[in-house]
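> no sequence on this one, just coordinates:
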């Protein structure tokens, strides 16, 4: 039953990553079904895991209060059975919900509790995850440099553990941070490196996420055409994978880019499409965010009544879902809209309401102070208006948001002009122009740097792709994937494998007198046929050694009834060699083998052990044009044939006893294909 529960846990991780709320509900039902048959501790663990899955499901749907309650319940169950990894995971889940609610201080408290427990347990995998999540929380709160510190600590552990996939995700996060602090060269260097790693491992989902992050960096840089191009690349992958959540997020991002270039009508098309997807998938949180973006587009189009309705709905929904950050953003936007429509009294009530909310993100804070300044100016309280703008300026400076600094200086310039405070007006005007010139100069300088980075990264990606293709060509797919995932020492033991040796008979005599190119053409043609047959039957080619071909079954990946598959492949190879007029000998044996990757610059996956040696002896003592098999292989094949639902075309014919070098006398057999048996 433990295996079944572990399987459910694995499927739950996949469901959480793909936002599959239906699968999460199914897993809860399946876990409840096996719960009565479990021991008490495992039964309590099912309660804990089911509570976690319900929490994840609620979080995906945007119901944060319900998610928090479920995660707290899960934590209680895990603590009751002292399940340390479960406790740390539940604490991390609770922290994430507080972070999503905009309560970053509480989130960090929970994350540090989880970090302390994982450190006490020496659980580096959990430590790395928590460290990364602490970085995410600092980033959300606007503390980008602090976020970088935590990200690098997490990255160091992932790299030390050889977890290339997790390390690549951290690289992507680091790239995003550099984008937020306007170091676009560093941002793209990190993001391109993350993308190259994900692509080399064949992780298309994470590749699409990084492509979206690259698109966002180009959006911030003002290179909207390149931004759209990257978002479209991400969208193609998401659509091919059928990832509804990813499709919706990327679609919304494309809409936001159109909004940034001033095409509000096109932005509205994409944003509404994204909203519909989020609604269909049941993601209330993302759907509400999409409606907030739709309201911004409607304001740009002058459709203020429609924008007003959207924003009021977003405020209500975000309040119900506990989405504090979204709630503040929607209130700020609605307040700005009301001031624009001269609905002063209602705007005042809304702005006063925002003052009582607690949030820690810089941009909503800046927007709130700007709205209060506008309201104070309408009231004729110039002193308060200036004080609010100065406070907004302090926040922008504190978080290094230079573009906002420039805009606030411009607003202060205008305010001072209206009061005939010429010296201060000039001071703010100079600051506004200086920051604008700085941003323009940085943009031009970074654009040159980025051209170099893009060229370098393009070459690196091409080189990495060539290396990846070469690795998959040289090694079995599963082995290549492990190496690309960061595994350095690939060594395995397989208790039950089949080994096939094939050798060209009288090769020296056949090759004598022929040009090297003619011999090469013959071997290439023959071994290509063998490779194709092996692939059709699920057999792993190990290598060719001169005029010999070596393959195995049930290694490195499991192959049901592998003796039958290997026997069929051997018969097909024999028939294929006859069709091109080449005489071969074949030998088969089965048993335990060892295998591993040898070398560094020119890696090969090789197999060894007594089973391999005996298979080689079966080939060398075979007759030309026949398949010589050991007694062990014959019995294993017979067991496979008994489970076949239909009659087989294979048969075993006893050869008797044979003297085998290094083994003495062995009972062996001939494997025959009935159609060829005669």
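Thanks, I have it. Here the structure is a predicted model, which is why all the values come from computation and not from measurement. Numbering: from 1, shown residues only.
> Please make it C-alpha for all contacts and neighbour counts, starting now.
OK.
> Pull the distance from stretch 295-311 to the chain's centre.
Chain-centre distance of stretch 295-311: 36 Å, with Cα atoms, centre = their mean, to the nearest Å.
> right, I mislabeled it, should have said stretch 609-622
44 Å.
> Can you point out the buried residues in it?
611, 612, 613, 614, 615, 616, 617, 618, 619, 620, 621, 622 (16 or more other Cα atoms under 10 Å).
> Find me whatever residue is spatially closest to the first one, sequence neighbours aside.
Meaning residue 611. residue 591 (5.7 Å; Cα to Cα, 6 or more residues apart in numbering).
> is it true that the one you found touches residue 496?
Yes - applying Cα atoms under 8 Å, one finds residue 591 in contact with residue 496, separated by 4.9 Å.
> For the residue positioned nearest the centre of the chain, which non-adjacent residue is closest in space?
Centroid check for the chain by Cα atoms, centre = their mean gives residue 206 as the closest residue, at 3.2 Å. Spatial nearest neighbour of residue 206, chain neighbours left out: residue 198 (6.4 Å); criterion: Cα to Cα, 6+ apart.
> want to throw the buried residues of stretch 609-622 into CSV with distance to residue 525 and secondary structure?
Putting these into CSV (distance: Cα to Cα, whole Å; DSSP: H, G, I helix; E, B strand; the rest coil) gives the following:
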residue, distance to residue 525, secondary structure
611, 28, helix
612, 25, helix
613, 27, helix
614, 27, helix
615, 24, helix
616, 23, helix
617, 25, helix
618, 24, helix
619, 21, helix
620, 23, helix
621, 25, coil
622, 23, coil
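> which sections of this structure are below the confidence cut-off?
Confidence mapping of the chain against pLDDT under 70 gives the ranges 1-4, 17-18, 355-360, 440-461, 463-464, 484-486, 644-648, 675-678.
> Let me know the distance separating the residue nearest to the centre of the chain from residue 238.
10 Å (Cα to Cα, to the nearest Å).
> gap between stretch 550-563 and the chain center?
That offset, for stretch 550-563, works out to 30 Å (Cα atoms, centre = their mean).
> end to end, how far does that stretch reach?
Stretch 550-563 end-to-end distance (Cα to Cα) = 15 Å.
> In this structure residue 291 contacts residue 311, no?
Yes - contact criterion Cα under 8 Å: residue 291 and residue 311 qualify, at 7.5 Å.
> State the helix or strand in which residue 518 lies.
Using DSSP states H and E, residue 518 falls within helix 516-537.
> ok, then the element right after that helix?
strand 540-545.
> Show me what that following strand is packed up against.
Here strand 540-545 touches helix 516-537, strand 548-553, strand 604-608, going by 3 or more Cα pairs under 8 Å, 6 or more residues apart in numbering; DSSP states H and E.
> Check these for me and report the most buried one.
Among the helices and strands packed on strand 540-545, ranked by average contacts under mean count of other Cα atoms under 10 Å, first place goes to strand 548-553 (a mean of 23).
> by contact count, what packs against that one?
strand 491-504, strand 540-545, helix 562-579.
> Show me what that strand pairs with in its sheet, parallel or antiparallel.
strand 491-504 (antiparallel), strand 540-545 (antiparallel) (DSSP bridges).
> Could you give the separation of that strand from the chain centroid?
The answer for strand 548-553 is 35 Å, by Cα atoms, centre = their mean.
> what angle sits between the helix holding residue 518 and helix 562-579?
150 degrees (axes from the mean of the first three to the mean of the last three Cα atoms, to 10 degrees).
> tell me which strands and helices helix 516-537 is in contact with?
strand 540-545, helix 562-579.
> right, so of these, which gets closest to residue 39?
helix 562-579 (36.2 Å; Cα to Cα).
> Would you mark the buried spots in that closest one?
562-574, 576-577.
> From residue 303, how far out is the residue of the chain most remote from its centre?
In the chain, the residue that sits farthest from the middle, by Cα atoms, centre = their mean, is residue 420; the gap is 57.3 Å. Per Cα to Cα, residue 420 is found 36 Å from residue 303.
> Next: residue 625.
83 Å.
> The two - which one has more neighbours?
residue 625 (17 against 13; other Cα atoms under 10 Å).
> Which residues are in contact with the more buried one?
574, 583, 584, 585, 586 (Cα atoms under 8 Å, 6 or more residues apart in numbering).
> Tell me, how many residues neighbour the third one?
By that I understand residue 584. Residue 584 has 24 nearby residues by other Cα under 10 Å.
> I am assuming it contacts residue 622, so please confirm or correct that.
No - using Cα under 8 Å, residue 584 is not in contact with residue 622; the gap is 9.5 Å.
> before we move on, the earlier item: among the contacts of residue 625, which are located in strands?
Here DSSP state E is the test, and these give 584, 585, 586 as lying in strands.
> can you redo the residues you listed as a markdown table with distance to residue 542?
Below are the ones in strands among the contacts of residue 625 laid out as a markdown table (distance: Cα to Cα, whole Å):
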| residue | distance to residue 542 |
| --- | --- |
| 584 | 18 |
| 585 | 18 |
| 586 | 15 |
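> What is the nearest of those to residue 337?
residue 586 (82.3 Å).
> so what's the closest one bridging to?
Bridge pairing for residue 586 (DSSP bridges) gives the partners residue 502, residue 627.
> what sits against it?
500-503, 570, 574, 618-619, 622, 625-628 are the contacts of residue 586 under Cα under 8 Å, 6+ apart.
> can you confirm residue 89 is in a strand?
No - secondary structure of residue 89 (DSSP: H, G, I helix; E, B strand; the rest coil): helix, not part of a strand.
> ok, how many other residues are close to it?
So residue 89, with other Cα under 10 Å, has 22 neighbours.
> Equivalent analysis for residue 140, please.
Other residues close to residue 140 by other Cα under 10 Å number 18.
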